[in-house]
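Q: here you go, sequence then predicted model.
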Amino acid sequence: MPGHVHMMIAIPPKYAVSQVVGFVKGKSAIHVVQVNGACKGNFVGHLFGGRRYFVSTVGRDEEVIRQYIRNQEQEDQRLDQMNLWR
């Protein structure tokens, strides 16, 4: 889905999940602005993405989750191809 990312990452116990998610979201927002040139200068007052996120532990279902993430990427690519003809 546009604006929707699935990630599977390992977070060392010394870091809070919210700290890592905040870092990733912050860096990705800066990257989007730099690549798309949405604004020049500082980023004050600009909102990128939502405040919400979902986190879950993997446990023994790691391969199932990896397959889900891989399939989501393929499905997004398929939908993008369909939109080329519109």
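A: Everything's here; your move.

Q: in this structure, where is pLDDT below threshold?
A: 1-3, 37-50, 84-86 (pLDDT under 70).

Q: quick one: the helices in it?
A: Applying DSSP state H to the chain gives helices spanning 17-36, 62-83.

Q: so what does the shortest one touch, helix or strand wise?
A: Counting contacts by 3 or more Cβ pairs under 8 Å, 6 or more residues apart in numbering; DSSP states H and E, there are no secondary-structure elements packed against helix 17-36. The C-beta positions use only the backbone N, C-alpha and C, and glycine is treated the same way.

Q: gap between it and the chain center?
A: Chain-centre distance of helix 17-36: 9 Å, with Cα atoms, centre = their mean, to the nearest Å.

Q: picking that back up, relative to Met8, which of the helices of the chain is closest?
A: Evaluated over these, closeness to Met8 peaks at helix 62-83, with 6.0 Å, by Cβ to Cβ.

Q: who touches that closest one?
A: Applying Cβ atoms under 8 Å, 6 or more residues apart in numbering, the contact partners of helix 62-83 are Met1, His6, Met7, Met8, Val58.

Q: please tell me how far the fourth one sits from Val33.
A: Separation of Met8 from Val33 (Cβ to Cβ, to the nearest Å) stands at 25 Å.

Q: again, but for the last one
A: Noted for Val58: a distance of 31 Å to Val33, by Cβ to Cβ.
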